[in-house]
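> A structural model of the following input is requested.
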Amino acid sequence: MIDTSLHRSSLGQFTYRGFFFLGLLMWSGCSESGPARYAITGEVTLDGIPVEDASIVLTPARGGISSMAKISEGKFSIPLEFGPTQGEFNVRINPAEAELDEFSTSPQVHKRTNVKRPIPKAYQVNGSLTAVVSGHEDQVLKFALSSRDH
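Residues are numbered from 1 along each chain as shown. Predicted coordinates for the structure are as follows:
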């Protein structure tokens with residue numbers, strides 16, 4: 001007669017250990033991966049006045065993750081889950097929409113004329129503004145824009 005008690009015990013331990021390691025592997029695969037992101041807040045003014053209805057876009061200068069946020073009453077906030085990675089960034093400030101002074105209602109031509117952009121175009125392209133995300137908690141970025149220089 002063959003003693004199977006040892007065989008069953010070994011098989012049970014093997015199955016238990018197999019499921020344990022499989023569970024560990026699956027659990028570790030569910031953790032967040034990739035570079036660390038950081039929550040940031042900031043202020044944007046134009047000629048000393050808080051910017052209204054605009055957006056801020058942070059694009060990595062070398063490598064990393066881009067981020068963006070809406071600017072309202074001169075303030076913006078990017079939460080951790082959407083925040084940028086640590087490093088240097090090119091910054092763009094874009095108006096939410098063009099303000100229209102006039103709209104031609106001529107039956108032949110429907111076009112917008114005299115479009116005002118409250119944010120100077122120089123701030124709407126990469127390279128005019130830069131920022132460094134340091135990786136410290138509670139980092140505040142401040143941008144004081146000027147319409148006189150552009």
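
> low pLDDT regions in this protein?
1-32, 97-117, 149-150 (pLDDT under 70).

> Now do the helices in it.
Using DSSP state H, the helices found in the chain span residues 5-29.

> where along it do the strands fall?
Along the chain, counting by DSSP state E, strands occupy 40-46, 49-50, 54-60, 67-71, 75-78, 87-95, 99-103, 112-116, 129-133, 139-145.

> Out of the ones you listed, the one nearest Tyr123 is which?
Tyr123 lies closest to strand 87-95 among those, at 4.6 Å (C-beta to C-beta). Quick note: C-beta positions are derived from backbone N, CA and C, even for glycine.

> I would like the residues contacting the closest one, please.
Strand 87-95 is contacted by residues 44, 51, 53-64, 71, 117-119, 123-133, 143, 145 when judged by C-beta atoms under 8 Å, 6 or more residues apart in numbering.

> Let's see that with 6 Å instead.
54-61, 64, 117-119, 123-124, 126-127, 129, 131-132 (C-beta atoms under 6 Å, 6 or more residues apart in numbering).

> count of neighbours near the closest residue to Leu80 other than its chain neighbours?
Spatial nearest neighbour of Leu80, chain neighbours left out: Ala39 (4.2 Å); criterion: C-beta to C-beta, 6 or more residues apart in numbering. Neighbourhood size, Ala39 [other C-beta atoms under 10 Å]: 15.

> same thing with Lys142?
Neighbour tally, Lys142, other C-beta under 10 Å: 11.

> what pairs with it across the strands?
Per DSSP bridges, the residues bridged to Lys142 are Glu43.

> circling back: tabulate the strands of the chain in JSON lines, adding columns for distance to Ser33.
Shown next, in JSON lines, are the strands of the chain (distance: least, C-beta to C-beta, whole Å):
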{"stretch": "strand 40-46", "distance to Ser33": "22"}
{"stretch": "strand 49-50", "distance to Ser33": "38"}
{"stretch": "strand 54-60", "distance to Ser33": "18"}
{"stretch": "strand 67-71", "distance to Ser33": "18"}
{"stretch": "strand 75-78", "distance to Ser33": "20"}
{"stretch": "strand 87-95", "distance to Ser33": "18"}
{"stretch": "strand 99-103", "distance to Ser33": "43"}
{"stretch": "strand 112-116", "distance to Ser33": "44"}
{"stretch": "strand 129-133", "distance to Ser33": "19"}
{"stretch": "strand 139-145", "distance to Ser33": "23"}
